[in-house]
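>>> kindly return the folded structure for what I paste below:
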Amino acid sequence: MKELVTGEAVVVDLAEARLASRAVALALDALVQAAALLGAVFGISALLGRADDQLLGALGLLAVVGALLGYPVTMETLTRGRTLGKMALGLRAVRDDGGPLRLRHALVRGLVGIVELWATAGGVALIASLVSRRGKRLGDVFAGTLVVRERTPDTGAGPIPMPPGCAGWAAGLQLTGLPDHLALSARQLLARRGQLRLQAWEATTRQLATAVAAQVSP
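As a prediction, the model looks like this:
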């Protein structure tokens, strides 16, 4: 677990993704990218097989850029840090402060990933992750990001019952203004109830509740 401080100064523990789960997620994404690239190449060949070689070369280069760079950057930007591989493994890339990824973060991760993941067959990424105390690859280091686990182990504690008299209030809550990183922090904190000391649990819960209350209505 890595202690992070959110933008609302709430200290929470985010579960850093293990190297094995990150490797599997990257392998799944690589399969998706390879399939997309092969499909694009075959499609270009079938439709423009007799076209000028320069045109075919340009379209082929565009397909490579789209598969290797466009896919991860677009996915991580639109889904706030997830790709198909990360979705399958329950992972998400977040900023070092726990906030959601933006285009610039995804672009840096994607550009560096072409070198450390594809040009070196993942060798550089593996070495960087082993050396880094937080398991970061170079793309994470330059972008200021971290891959965490969204899915937390089932503690067996069961769901938290709704306090009496709060059902009507909860039904009318507007959560559209709640930032992704606060929602993730709340979910992970609730999943760890029973694992924290009572004093730490109560203090962290109060801090997080105050931060969440400022973002929801009524």
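>>> could you use CA atoms for every contact and neighbour count after this?
OK.
>>> tell me the centre residue of the protein?
R92 (2.0 Å; Cα atoms, centre = their mean).
>>> mind pulling up the pLDDT for the residue of the chain most remote from its centre?
Most distant from the centre of the chain: R50, at 42.3 Å, with distances by Cα atoms, centre = their mean. Predicted confidence (pLDDT) for R50: 73.
>>> rewinding a little: what's across from the residue nearest to the centre of the chain in the sheet?
V148 (DSSP bridges).
>>> give me every residue that touches it.
80-82, 86, 147-150 (Cα atoms under 8 Å, 6 or more residues apart in numbering).
>>> how about 10 Å then?
16-17, 22, 76, 79-83, 85-86, 100-101, 146-151 (Cα atoms under 10 Å, 6 or more residues apart in numbering).
>>> PyMOL command to pick out the buried ones of these?
To isolate the buried members of these in PyMOL, using 16 or more other Cα atoms under 10 Å:
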select buried, resi 16+17+22+76+79+80+81+82+83+85+86+100+101+146+147+148+149+150
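>>> so the residue farthest from the centre of the chain, which of the three states?
coil (DSSP: H, G, I helix; E, B strand; the rest coil).
>>> quick check: domain ranges of this structure?
2-149, 167-213 (automatic domain parsing).
>>> closest to P161 out of those?
domain 167-213 (10.4 Å; Cα to Cα).
>>> so how far is that closest one from its chain's centroid?
20 Å (Cα atoms, centre = their mean, to the nearest Å).
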